[in-house]
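Q: Following is a predicted model, sequence given first.
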Amino acid sequence: MSGHSKWASIKHKKAATDSKRGKLFTKLIKELTVGAREGGGDPDANPRLRLAIQKAKDSNMPKDNIEKAIKKGTGELPGVIYESMVYEGYGPSGVAVLVDVLTDNKNRAAAEVRSIFTKKNGNMAGAGSVAWQFKQKGVIIVSKEKSEEDNLMNIILENGAEDMQTEDDVYEISTQPRGFEAVKKAIESSGIEIASAEVTMVPDSTVNIADKGVALQVLGLINALEDNDDVQNVYANFDIPDNILSEIEQ
């Protein structure tokens, strides 16, 4: 899981910019709509919708927007039908990339994703060529300032977490997808603030990017994919050392 929390930190900073441009809300509305369409409008009985609602609330989306998106998914309001797809590819230095898409136009989405890979020094790959390198996990990140390590470890293990690693100034907790919510609730019930929590795709191993130029190319590809309106999530198996990340962020 090395490198995941650093990328999560980058995404967290980027989300603030996305929100100002309205991109984040657009992606969240799609997820709410599709979640409600596939599993029904009751979040208590629909884990995907429940997580989407929590993400929307965490991003300060107005309650009215959330409710409208759900009603479009259940058919109570008219709305666009989105299709879900996953594209696979490789970035600079052989970094494996998974791209989750929700779109109302598959041909447009496929062409745009392929174009981004080509322009950003990557290439598309066939179905299954990249996905095997990732596993779905719940990942919860807690700042070291918010809890003592032993206390947090006891809480998460008692509630079914798989593991906890320390990286930089955070604890990174991993769970099975089905146990994610129980662990998250246990941490919150203990009064410990969570920096981020998501069910995501975590790579089995990572590609170390020790060159600043290559790191910029990799991040350029990831950012370009995430900026596309049809792209919901991007997962990759790169690991950029702290010193290079610091130079890039300056």
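A: Nice, thanks for sending it over. Residues are numbered from 1 along each chain as shown.

Q: Contacts only, for Ala56.
A: 28, 32, 65-66, 69 (CB atoms under 8 Å, 6 or more residues apart in numbering). Glycine gets a C-beta too; all of them are placed from N, C-alpha and C.

Q: Which strands and helices lie in contact with the longest strand along the chain?
A: Longest strand in the chain by number of residues, with DSSP state E as the criterion: strand 134-143. The contact analysis (3 or more CB pairs under 8 Å, 6 or more residues apart in numbering; DSSP states H and E) places strand 134-143 against helix 4-21, strand 170-175, helix 180-189, strand 196-203.

Q: Could you check stretch 116-134 and say which residues are buried?
A: Neighbour counts using 16 or more other CB atoms under 10 Å place 116-117, 120, 122, 124-125, 130, 133-134 of stretch 116-134 among the buried residues.

Q: Among those, which ones are in strands?
A: The strands, defined by DSSP E, take in 124-125, 134 from the buried residues of stretch 116-134.

Q: which one among the contacts of Ala56 gets closest to Ala52?
A: Leu32 (4.8 Å; CB to CB).

Q: how distant is stretch 31-44 from the center of its chain?
A: Chain-centre distance of stretch 31-44: 18 Å, with CA atoms, centre = their mean, to the nearest Å.

Q: Do me a favour and average the pLDDT over it.
A: Per-residue pLDDT over stretch 31-44 has a mean of 94.

Q: Now do it: everything it contacts.
A: Defining contact as CB under 8 Å, 6+ apart, one finds that stretch 31-44 is touched by 45-53, 55-56, 66, 69-76, 79-82, 84, 102, 232.

Q: One more pass at 6 Å, please.
A: 46, 48-50, 52-53, 69-70, 72-74, 82, 102 (CB atoms under 6 Å, 6 or more residues apart in numbering).

Q: cool, and stretch 75-95?
A: So stretch 75-95 is in contact with 30, 34, 71-72, 97-102, 104, 106, 113, 117, 121-125, 129-130, 207, 214, 217-218, 221, 236, 238, going by CB under 6 Å, 6+ apart.
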